[in-house]
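J.: have a look; sequence and predicted model below, questions after that.
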Amino acid sequence: ISHLCGFQQELQLFRIRVTTALRAYPTLLLVLLGALDKAAAKLGLRRVPEQTLCGLAVASGAAGALIGELTLVLLQHKTRKQSFQLKYLLATGLALAIDTVL
């Protein structure tokens, strides 16, 4: 039985590592695309769709979504667009709900 307990601990540690990795990549991409969208907006180039940013917020988990929001605030990007702020808030809420279930 003690061997089984060790296996369960290893399985839990593996689950944490996989979840962290699966959340880290979308968070990094969210930050990078947020900065890219800010630059594209200034240069009049093709923009990153809002659905992409919100989807990455959900995939990043609640912590990643908050990091993404902090990035957008620091870049002063999309902070005045209320429709985006509402979508992003809903995406963050969905990420939090998913985190709670997982």
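T.: Okay, I see it.
J.: so residue 78: helix, strand or coil?
T.: Using DSSP: H, G, I helix; E, B strand; the rest coil as the criterion, the local structure at residue 78 reads coil.
J.: how far away is it from residue 34?
T.: 8 Å (Cβ to Cβ, to the nearest Å). For every residue, glycine as well, the C-beta is placed using N, CA and C.
J.: anything in contact with each of these two?
T.: Taking Cβ atoms under 8 Å, 6 or more residues apart in numbering as the criterion, residue 78 and residue 34 both touch residue 72.
J.: next helix or strand past the host helix or strand of residue 70?
T.: Residue 70 belongs to helix 50-74 when assigned by DSSP states H and E. Moving toward the C-terminus from helix 50-74, the next helix or strand (DSSP H and E) is helix 82-101.
J.: if I look at residue 31, how far off is residue 9?
T.: 33 Å.
J.: neighbour count winner among those two?
T.: residue 31 (20 against 10; other Cβ atoms under 10 Å).
J.: not counting its neighbours along the chain, what's nearest the more buried one?
T.: Closest residue to residue 31 apart from its sequence neighbours, by Cβ to Cβ, 6 or more residues apart in numbering: residue 71 at 4.8 Å.
J.: now do the contacts for that neighbour.
T.: Each residue near residue 71 by Cβ under 8 Å, 6+ apart is listed here: 30-31, 34-35.
J.: just the angle between the helix or strand bottoming out on mean pLDDT in the chain and helix 50-74, please?
T.: Taking mean pLDDT, DSSP states H and E as the measure, the helix or strand of the chain with the lowest value is helix 2-43, at a mean of 89. Angle of helix 2-43 versus helix 50-74, following axes from the mean of the first three to the mean of the last three Cα atoms, to 10 degrees, is 80 degrees.
J.: quick one, helix 2-43 and helix 82-101 angle?
T.: 170 degrees.
J.: so which elements touch helix 2-43?
T.: When contacts are defined as 3 or more Cβ pairs under 8 Å, 6 or more residues apart in numbering; DSSP states H and E, helix 2-43 packs onto helix 50-74.
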